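*Asks:* Model the following, please.
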Amino acid sequence: MSRAQAESVIKNIIREIAQECASKGQAVSETLVAFLVKAVVLDPANNFNVDRTLTKDDVHKLIQICVGRILDSRSPSLDAIKMQVYFDMNYTTRQDFLDEHRRVLDARMQPVIREITDSRARTREELEALYRKIVSAILLRSGLGSPTDIAVVREATAALQSVFPQAELGTFMNLTKRDKERQLNELTLIVTGIRLFNKDCGKGGEGIDDLPAILNEAIPATMKNVDGAIGESSQVAATYTAIIERIHSAELKEGPPLQLIKDSLINSRQHQQFLNILRDDVIGCAHHIETLQNQLAQRLEQLQATVQARTAVPTAQVYPQFINLAHIWTGFQDEMVLLSVLSNIMNSLEPFTTNHREIFTEEILSPLVDLKSVKSDGERVKELASAENLSRIDPNAFAEFEWLFPDSTKNFDKLPIQYRGFCGWYLVKYDRFLMPAVPSIGVLFYNDKYYAFSSKEAAYEFAADPVNYIFMVAEAAKKSPELIQLLELHQQMMEKPVTKVEMGCQTDTHILESNVVKDYEWNEWELRRKAIKLANLRTKLTKSMQTDLSNMRRDNVSQVYLPKEQQTQTKKDGFTSVPKPQVYLFGLRGGMEEDTRLEKVDLTLDVAVDTRTRSGIEIK
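*Replies:* Residues are numbered from 1 along each chain as shown. Take a look at the predicted model:
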């Protein structure tokens with residue numbers, strides 16, 4: 001099955017599940033259904049093989065399991081999944097929030113801006129109506145007052161006339177549409193800056209809210225709400241943790257289903273994690289607001305120094321300051337929007353925790369554990385830290401691994417601990433039991449990742465076989481799919497084990513004969529060009545003509561003498577000769593006599609004498 005066919009089948013399954021749930025009175029989003037389909041397929045208990053094509057029975061079974069889980073309205077596990085889907089669809093980064101807000105604002109302003117830029121006003125009444133529309137557009141875009149408030153409109157009109165008199169509408173009408181939009185944006189910033197400066201001077205500011213003061217009150221109130229929700233969620237999670245510990249230690253013989261408590265604990269931990277993310281964003285808003293307030297005070301002081309009591313100020317000096325003042329105020333408006341969005345998300349997360357709170361009320365939990373003696377996460381860390389020498393990991397126990405400690409590691413608190421700071425050994429040993437780790441006793445650095453543990457014994461057992469424990473954590477997350485996002489196991493779930501086998505294949509060198517068409521063209525436009533060329537040739541004729549210059553013209557040749565070879569002599573050869581010495585020993589031959597008389601004869605001739613003859617006697 002191709003990828004496109006597989007995606008089509010999955011979409012049909014998702015659509016069928018959503019329709020069946022809707023027919024039973026439960027409306028769900030396709031995003032939630034898609035997440036559940038993947039979770040059900042990954043769960044080993046459902047016996048789905050992801051490496052083969054699903055049969056009709058498999059599809060029917062998958063639909064029934066998904067519908068059954070969705071219709072379980074009292075499941076903390078399903079609530080955790082819904083919470084994750086909601087948070088993923090509604091939460092994003094700070095910059096993305098602001099970009100989306102500006103996009104929506106621009107989309108709402110577009111009809112008003114288009115009405116101004118497309119205007120063809122000619123008469124006086126039409127020009128006055130156009131000017132009023134510009135004032136309304138400036139008020140709507142700046143957010144400083146309502147266009148229906150007469151006092152606000154008068155103040156904005158007066159500020160606009162000081163910058164853009166009505167007499168300049170003729171020049172404005174001659175601009176292009178893009179230039180008109182650019183000028184409207186610039187006028188909005190300048191008028192906004194003028195009104196804010198007048199408000200600071202006490203000479204205006206109708207309909208302008210004191211955003212810095214409002215934000216100074218909103219930030220502490222929002223922080224208080226978030227901290228309260230985090231404290232409540234942490235207390236509930238600590239209570240569930242204490243109950244599970246008592247069940248595993250056999251202190252509690254009877255009680256609610258263990259897996260239900262663990263699912264409720266996962267739900268609480270997920271809620272706590274999302275609230276911590278929102279809390280960090282609120283803190284970031286507080287820092288930005290403090291910076292904006294300092295910038296606002298400095299800009300107003302500079303404007304006061306520039307304007308002072310003068311009636312006329314050069315525009316090159318004051319307009320940029322008004323524009324900067326408007327940008328600072330826009331920053332305050334953005335912080336208001338962010339705080340509102342964060343508060344809405346926090347309030348929207350609360351319903352996803354209602355079910356397990358209703359299941360495990362205080363009356364049910366009181367007999368199971370002493371609610372007053374439940375240890376919080378912070379108390380557990382302090383308890384282990386107080387006995388640090390006793391509970392600290394000995395790095396020599398597993399010297400082949402690298403162990404990190406607070407006193408020897410820089411930025412120890414910022415280490416990206418795996419599993420969101422939970423102990424991986426507890427997740428495997430006690431089947432999806434979320435126990436917060438204590439990094440202060442030691443952190444294991446393995447395969448470029450950091451693992452923290454809840455006790456020294458847990459660290460030693462994990463280090464003895466880390467590959468198996470990492471694999472078992474992923475297997476546990478398949479049983480409770482909400483753990484995939486909570487523990488950040490997306491990448492590990494996407495990895496597939498590589499199976500290596502030896503294979504061989506044999507193919508013919510040339511199955512088909514080569515048939516290369518030289519004049520083949522794949523480009524349709526090239527074929528069209530050739531067809532047009534051939535069609536045009538039908539109307540073409542070949543013509544020739546004779547002119548006076550070309551009449552009786554023939555080919556001409558010319559004959560020349562080729563250059564001959566010549567030699568020159570620049571010098572003559574010379575030589576010298578020397579006599580050749582020759583000596584003859586006379587009297588050695590025929591020495592039969594007793595007395596032998598030897599004579600030495602010099603036969604050397606002078607160079608000038610002919611060697612062939614001497615006194616007419618030939619020398620041989």
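*Asks:* Now do the helices in the stretch 151-300 of the chain.
*Replies:* Applying DSSP state H, counting those that start in this stretch to the stretch 151-300 of the chain gives helices spanning 169-173, 177-201, 211-248, 258-307.
*Asks:* List the buried residues in the first one.
*Replies:* I take that to be helix 169-173. Leu169, Phe172 (16 or more other Cβ atoms under 10 Å). All C-beta spots, glycine's among them, are computed from the backbone N, C-alpha and C.
*Asks:* Please work out the average pLDDT along that helix.
*Replies:* Here helix 169-173 scores 88 as its mean pLDDT.
*Asks:* Show me the contact partners of that helix.
*Replies:* Residues from elsewhere that reach helix 169-173, judged by Cβ atoms under 8 Å, 6 or more residues apart in numbering: Ser119, Arg120, Ala121, Leu127, Leu130, Tyr131, Phe164, Lys180, Gln183.
*Asks:* Equivalent analysis for stretch 185-195, please.
*Replies:* With contact meaning Cβ under 8 Å, 6+ apart, stretch 185-195 is reached by 134, 137-138, 141-142, 144, 155-156, 159-160, 162-164, 204-205, 208, 319, 321-327, 329.
*Asks:* ok, now with 6 Å
*Replies:* The contact list for stretch 185-195 (Cβ atoms under 6 Å, 6 or more residues apart in numbering) reads 138, 141-142, 144, 159-160, 163-164, 319, 322-323, 325-326.
*Asks:* just stretch 330-342 next, same as before
*Replies:* With Cβ under 6 Å, 6+ apart as the test, stretch 330-342 has contacts from 97-98, 101, 143, 211, 215, 218, 222, 278, 281, 285, 289, 292.
*Asks:* With stretch 86-106 instead?
*Replies:* Phe274, Asp334, Val337, Leu338, Val341, Ile345.
*Asks:* Would you mind giving the helices of the stretch 151-300 of the chain as a markdown table with distance to Arg15 added?
*Replies:* Compiled in a markdown table, the helices of the stretch 151-300 of the chain are given as follows (distance: least, Cβ to Cβ, whole Å):
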| stretch | distance to Arg15 |
| --- | --- |
| helix 169-173 | 53 |
| helix 177-201 | 42 |
| helix 211-248 | 35 |
| helix 258-307 | 28 |
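*Asks:* And those helices: which comes nearest Arg52?
*Replies:* helix 258-307 (29.9 Å; Cβ to Cβ).
*Asks:* circling back to that earlier point, pull out the buried residues from the contacts of helix 169-173.
*Replies:* So, by 16+ other Cβ under 10 Å, the buried ones in those are Ser119, Ala121, Leu127, Leu130, Tyr131, Phe164, Lys180, Gln183.
*Asks:* gap between the fifth one and Gln492?
*Replies:* Looking back up the chat, that one is Tyr131. Separation of Tyr131 from Gln492 (Cβ to Cβ, to the nearest Å): 63 Å.
*Asks:* just the fourth one next, same as before
*Replies:* Relative to Gln492, Leu130 is positioned 62 Å away (criterion: Cβ to Cβ).
*Asks:* same thing with the first one?
*Replies:* Going from Ser119 to Gln492 by Cβ to Cβ gives 60 Å.
*Asks:* again, but for the last one
*Replies:* In this structure, Gln183 lies at 55 Å from Gln492, with Cβ to Cβ as the measure.
*Asks:* Now for Glu20, which secondary structure element holds it?
*Replies:* helix 3-23 (DSSP states H and E).
*Asks:* returning to that earlier point: show me which pair in the contacts of stretch 86-106 is furthest apart.
*Replies:* Phe274 and Asp334 (22.2 Å).
*Asks:* who's more crowded, those two?
*Replies:* A count of neighbours by other Cβ atoms under 10 Å puts Phe274 above the other of Phe274 and Asp334, at 23 against 18.
*Asks:* Let me see the contact set for that one.
*Replies:* Counting by Cβ under 6 Å, 6+ apart, Phe274 has contacts Phe87, Leu349.
*Asks:* and what of Thr31?
*Replies:* Val85.
*Asks:* To which secondary structure element is it assigned?
*Replies:* With DSSP H and E as criterion, Thr31 is part of helix 30-42.
*Asks:* following that helix, which helix or strand shows up next?
*Replies:* Taking DSSP H and E as the definition, the helix or strand right after helix 30-42 is helix 56-70.
*Asks:* Identify each buried residue in the helix holding Thr31, please.
*Replies:* For helix 30-42, burial by neighbour count (16+ other Cβ under 10 Å) applies to Leu32, Val33, Ala34, Phe35, Leu36, Val37, Ala39, Val40, Val41, Leu42.
*Asks:* Over to stretch 176-192?
*Replies:* Those would be Lys180, Glu181, Gln183, Leu184, Leu187, Thr188, Leu189, Ile190, Val191, Thr192, for stretch 176-192 by 16+ other Cβ under 10 Å.
*Asks:* Tabulate those residues (TSV), appending distance to Ala22 and pLDDT.
*Replies:* Below are those laid out as TSV (distance: Cβ to Cβ, whole Å; pLDDT from 0 to 100):
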residue	distance to Ala22	pLDDT
Lys180	48	91
Glu181	44	91
Gln183	51	92
Leu184	46	92
Leu187	50	92
Thr188	46	93
Leu189	49	93
Ile190	53	92
Val191	51	92
Thr192	48	92
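*Asks:* Could you check how far Gly143 is from His101?
*Replies:* For Gly143, the distance to His101 (Cβ to Cβ) stands at 11 Å.
*Asks:* what does Pro111 give?
*Replies:* Applying Cβ to Cβ, the value for Pro111 to His101 is 18 Å.
*Asks:* Check Glu186 too.
*Replies:* Applying Cβ to Cβ, the value for Glu186 to His101 is 21 Å.
*Asks:* Need the pLDDT of Asp58.
*Replies:* Note for Asp58: predicted pLDDT of 82.
*Asks:* and what of Thr157?
*Replies:* We have a pLDDT of 91 for Thr157.
*Asks:* show me the contacts for it.
*Replies:* Val135.
*Asks:* mind checking how far it is from Asp595?
*Replies:* 164 Å.
*Asks:* just to revisit the earlier point, can you turn the buried part of the contacts of stretch 330-342 into a ChimeraX selection?
*Replies:* Selection of the buried residues among the contacts of stretch 330-342 in ChimeraX, burial being defined by 16+ other Cβ under 10 Å:
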select :97,98,143,211,215,218,222,278,281,285,289,292
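*Asks:* Dump the contacts of stretch 330-342 to CSV, plus distance to Gln270.
*Replies:* Output for the contacts of stretch 330-342, formatted as CSV (distance: Cβ to Cβ, whole Å):
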residue, distance to Gln270
Phe97, 22
Leu98, 27
His101, 27
Gly143, 36
Leu211, 34
Leu215, 30
Ala218, 27
Thr222, 21
Leu278, 13
Asp281, 17
Cys285, 23
Ile289, 29
Leu292, 33
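*Asks:* pretty sure Ile14 contacts Phe35?
*Replies:* No. With contact defined as Cβ atoms under 6 Å, Ile14 does not count as touching Phe35 (10.0 Å).
*Asks:* Could you say which helix or strand holds Val601?
*Replies:* strand 599-602.
*Asks:* Show residues contacting that strand.
*Replies:* Tyr584, Leu585, Phe586, Gly587.
*Asks:* Next up, phi/psi of the third one, please.
*Replies:* Pointing back at Phe586 there. Backbone torsions of Phe586, given as degrees, to the nearest 10, read phi -100, psi 140.
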